[in-house]
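Asks: this one's sequence-less:
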């Protein structure tokens, strides 16, 4: 099935929607579940960070296998099934070590899906003329739905409902994975199979891929920008609760941030036609520096709404710029591994270390720990500006053709 198939965008959109049911529950509310099960702030930070660190090895290996195999869909299905199995075990897990084990396997599996589905989606952008932003925004839309509904359900039924919400999302993700489009060319000859297998990266080539200075600057800029969200992701809800913000307001605050993200994705083609890809990363870093500096001051509820709107830039602009930067600079046959390297270096190393810092810093300093995130945003801004000076103009790659994938 080719990327120009009229159902391609719908299938990818449905998968993003299902996957973000899981993300929209786990990001804001998994710490609440862990807190209810008696874990300390430092232990919550470890449960949040260990899966990210485990991905340093596992996610690139998974992606290399998917690139060499030539069918990212099958790998996505397997990871989705593992996620469902681990949630069954997490449902009854008690105590730090059982929870850490179940949560780590679950989060590694479900988070390793993202670079693979991004690869499938961006293939549709390059070859089929599909709009990445408008496929991806359905993930953000379901993120809003589950974060807003989740806050009300937790307030009504208690923290145990979180595992149930995760299960609904994980089962939906598995069903959507089964419906993903198959690779267009099912090559059967040994020669063609060998050619497909050789088209992906091996470990040596993966190392060479990140050896250039511009790409290293890109990974630092994008990684630090995303990692600067660590305190917000791990302790944002808990901190708002300690300052007296109600569950319904918390759900609305999360939703506003994602609405801003959706707006950027909806008009992404128009934005990319006017703004350099690297400039999107610069903008995201600069706004991030301002956002986290203000959050450290424990602003009033009215100011929190304004700061949440900035999520459309601190996350959305950085992510959109990163996806199109990879598309512009990495051959399609290596895209899965390149996406995994980006995800591993940024969400693994950067976010893993930032989560560890967040756990210990929040336990000691509370909301002032956002200042550490402002420092990370400053690092991102410096790297993004250096990247801008050292690379030629990089814009979104125009559609090359409408031939099948």
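Replies: Here it is on my side, so go on. What you see is a predicted model, and the numbers here were worked out from it, not measured in a lab.

Asks: residue nearest the centroid of this structure?
Replies: residue 114 (6.5 Å; CA atoms, centre = their mean).

Asks: per-residue confidence at it?
Replies: pLDDT recorded at residue 114 is 92.

Asks: can you tell me the element it falls in?
Replies: Assigned by DSSP states H and E, residue 114 belongs to helix 96-128.

Asks: right, and the helix or strand after that helix?
Replies: Next along the chain from helix 96-128, counting by DSSP H and E, comes helix 132-157.

Asks: that following helix vs helix 96-128, what angle?
Replies: 150 degrees (axes from the mean of the first three to the mean of the last three CA atoms, to 10 degrees).

Asks: which strands and helices lie in contact with helix 132-157?
Replies: helix 8-36, helix 96-128, helix 161-178, helix 247-266, helix 268-274, helix 318-329 (3 or more CB pairs under 8 Å, 6 or more residues apart in numbering; DSSP states H and E). To be clear about C-beta, it is placed using only N, CA and C from the backbone, and glycine gets the same treatment.

Asks: buried residues in the helix or strand that the fifth one is followed by?
Replies: Note on helix 268-274: by DSSP H and E, the next helix or strand toward the C-terminus is helix 277-295. Neighbour counts over helix 277-295 (16 or more other CB atoms under 10 Å) mark 277-289, 291-295 as buried.

Asks: find the nearest non-adjacent residue to the residue nearest to the centre of the chain, please.
Replies: residue 343 (6.2 Å; CB to CB, 6 or more residues apart in numbering).

Asks: list the contacts for that neighbour?
Replies: Contacts for residue 343 (CB atoms under 8 Å, 6 or more residues apart in numbering) come out as 55, 59, 111-112, 114-115.

Asks: got a pLDDT number for it?
Replies: Looking at residue 343, its pLDDT reads 78.

Asks: could you do residue 41 as well?
Replies: For residue 41, pLDDT reads 85.

Asks: find me the pLDDT at residue 204, would you?
Replies: Reported pLDDT for residue 204: 62.

Asks: without its sequence neighbours, what residue ends up closest to residue 236?
Replies: Spatial nearest neighbour of residue 236, excluding adjacent residues (CB to CB, 6+ apart): residue 28 at 7.0 Å.

Asks: wait, that neighbour sits on residue 257?
Replies: No: using CB atoms under 8 Å, residue 28 is not in contact with residue 257, being 10.4 Å away.

Asks: tabulate the contacts of residue 343 (CSV), appending distance to residue 45.
Replies: Shown next, in CSV, are the contacts of residue 343 (distance: CB to CB, whole Å):
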residue, distance to residue 45
55, 16
59, 21
111, 17
112, 21
114, 22
115, 24
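
Asks: quick one: residues contacting residue 159.
Replies: Going by CB under 8 Å, 6+ apart, residue 159 touches 29, 32-33, 35-37.

Asks: so it, which of the three states?
Replies: coil (DSSP: H, G, I helix; E, B strand; the rest coil).

Asks: okay, it and residue 354: tell me how far apart.
Replies: 25 Å (CB to CB, to the nearest Å).

Asks: for residue 288, give me its contacts.
Replies: 225, 228, 313-314, 318, 373-374, 377, 380-381.

Asks: same thing but at 7 Å, please
Replies: 225, 228, 314, 377, 380 (CB atoms under 7 Å, 6 or more residues apart in numbering).

Asks: which of those sits closest to residue 146?
Replies: Among the contacts of residue 288, residue 314 lies closest to residue 146 (CB to CB), at 20.7 Å.

Asks: quick one, phi psi at that closest one?
Replies: Residue 314 has phi and psi values of phi -60, psi -40 when expressed as degrees, to the nearest 10.

Asks: that one contacts residue 284, doesn't it?
Replies: Yes: using CB atoms under 7 Å, residue 314 and residue 284 qualify as a contacting pair, with a distance of 5.7 Å.
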